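Trainee: Here is my input; please provide its structure:
(chains A, B, C and D)
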There are 2 protein chains.
Amino acid sequence: MSAVEPLSGKTDKSRLSSSDWEQAALDLLAEQGVAAVAVEPLARRLGVTKGSFYWHFPSREALLKSALELWEKQDQEAVFDQIDAIDDPRERLYALFRRTSREIRSHVIYSHLLKAMDQPVVQPLMERVSTRRVNYLLTGYRSLGMSRRDAMNRARLAYAAYIGILQMMLQLKTMRMNHEEYEAYVEHIADTLIPAAP
Amino acid sequence: MSAVEPLSGKTDKSRLSSSDWEQAALDLLAEQGVAAVAVEPLARRLGVTKGSFYWHFPSREALLKSALELWEKQDQEAVFDQIDAIDDPRERLYALFRRTSREIRSHVIYSHLLKAMDQPVVQPLMERVSTRRVNYLLTGYRSLGMSRRDAMNRARLAYAAYIGILQMMLQLKTMRMNHEEYEAYVEHIADTLIPAAP
DNA sequence: GGTTGTCAATACGCCACCGTATGGTGACAA
DNA sequence: TTGTCACCATACGGTGGCGTATTGACAACC
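Mentor: Sure thing, here's the model as predicted:
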């Protein structure tokens, strides 16, 4: 943090910083889920021993917390901040659907976190992120003229579909589609869940 | 199995059969997920030691497999077999949505299994169950006159919504609703995902 | 050139679980 | 009454993770 750190990126620099650990934790999380984010495996992957880890973090939980907060920030920027630029509400919803369908890594992590909601570090974060997203959908539908009640139900339905699709695509190999099939599927979803123009 | 076993149900009988272990495994699974189905905790709960367990089963995995096959059978009977009685295809779909929204335990287990798809015992089972269900939806939509492509996409969407709602209701406490709100939500879903009568 | 601060290795104790080996016990049958 | 078999207890070794304590290496700075 304090040093200038010539923009080497992340290649082997034989000394690690705490953000190196966070980065590696997110990588492992995306690949194998929350349970895989363990101290000793991480250390092995980074080519050191856990003696190093416990200098940077007091516990595994602390690392997880930091890494997840990092993800939350990146995720926010990746999708929602960009879509706010669009003015027309219907177009904004369509863009949200399409764009979300293309983002990968952030949603892979979200999906893994969904499976680990029993853990105390994960649960509040997911509550935050999820309600924020549903509320985003809610205001989207409201600005399309839907009643509060309908907009809420539709937002919940759309978000449930999002969660479900994540599972289907990432877990159920039988259900995977090729590219064009997937594109058509996303369009079908948008057409079904976004009310037609008046 | 061989003995007559006076229909005592399941109260303490101080000697256990393998189906007692399966039953207890399903209970624990419904309560705490796949990871919690471990030999020693199970034995503790049943008031014996694992010396007993390894007489009935060769391994933890074998128990899991048996228990899951039991669940698959029960689940099949619980919902789908009953709905087939309904003749009108639109009514059958509505009934499927409503009935599914009321079934609890079986879906709780499904939700837990969804989180454990990385495990070799779970994965093929879930592929089976899920494709079976999606195909059920598919034929439902087809018999409503939808094109093969549309029906497939709609079936996938409906099933994705099912999965997502499971997660939202069971994991995201923020999103829980009271009874009437939930009923209205289910109706909204059905109205949105089942095309209107011609 | 010694001191300090930063990162890392080693070694340890702890816990929870898996699976094995072996011996015990009670009910029921011969 | 005595076996036998079905079920269970006990004790053990192995694995994989967490966290602590102690010492080591190396660079920066004075």
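Trainee: use CA for all of it now, contacts and neighbours both
Mentor: OK.
Trainee: Tell me where chain A has helices.
Mentor: For chain A, the helices defined by DSSP state H occupy A:18-32, A:39-46, A:50-56, A:60-78, A:80-83, A:89-102, A:105-114, A:122-142, A:148-170, A:179-193.
Trainee: Relative to chain B, which of those helices is closest?
Mentor: helix A:148-170 (3.9 Å; CA to the nearest CA).
Trainee: Pull the distance from the closest one to the chain's centre.
Mentor: Helix A:148-170 sits 15 Å away from the centroid of its parent chain (CA atoms, centre = their mean, to the nearest Å).
Trainee: same deal with stretch A:183-197?
Mentor: Here stretch A:183-197 shows a centroid-to-chain-centroid distance of 22 Å under the convention CA atoms, centre = their mean.
Trainee: CA-only coordinates of it, as PDB, when you get a sec.
Mentor: Only the C-alpha atoms of stretch A:183-197 are listed here, as PDB (Å, rounded to 0.1, in the frame of the first residue of the first chain):
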ATOM      1  CA  GLU A 183     -29.000 -15.600 -26.900                       C
ATOM      2  CA  ALA A 184     -32.500 -16.600 -28.000                       C
ATOM      3  CA  TYR A 185     -33.300 -17.800 -24.500                       C
ATOM      4  CA  VAL A 186     -32.300 -14.400 -23.000                       C
ATOM      5  CA  GLU A 187     -34.500 -12.600 -25.600                       C
ATOM      6  CA  HIS A 188     -37.400 -14.900 -24.700                       C
ATOM      7  CA  ILE A 189     -36.900 -14.000 -21.000                       C
ATOM      8  CA  ALA A 190     -36.700 -10.300 -21.700                       C
ATOM      9  CA  ASP A 191     -39.800 -10.400 -23.900                       C
ATOM     10  CA  THR A 192     -41.700 -12.400 -21.200                       C
ATOM     11  CA  LEU A 193     -40.700 -10.400 -18.200                       C
ATOM     12  CA  ILE A 194     -40.700  -6.900 -19.600                       C
ATOM     13  CA  PRO A 195     -44.200  -5.800 -20.400                       C
ATOM     14  CA  ALA A 196     -44.900  -4.800 -24.000                       C
ATOM     15  CA  ALA A 197     -44.800  -1.100 -24.900                       C
END
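Trainee: do that stretch and chain B meet at all?
Mentor: Yes. Using CA under 8 Å from any CA of the partner chain, we find that stretch A:183-197 touches chain B at A:185, A:188-189, A:192-193.
Trainee: Looking at those residues, which is nearest A:R44?
Mentor: Checking the residues of stretch A:183-197 next to chain B against A:R44 by CA to CA gives A:Y185 as the nearest, at 41.2 Å.
Trainee: Correct me if wrong: that closest one contacts B:N153.
Mentor: Yes. Contact status for A:Y185 versus B:N153: in contact at 5.8 Å, counting by CA atoms under 8 Å.
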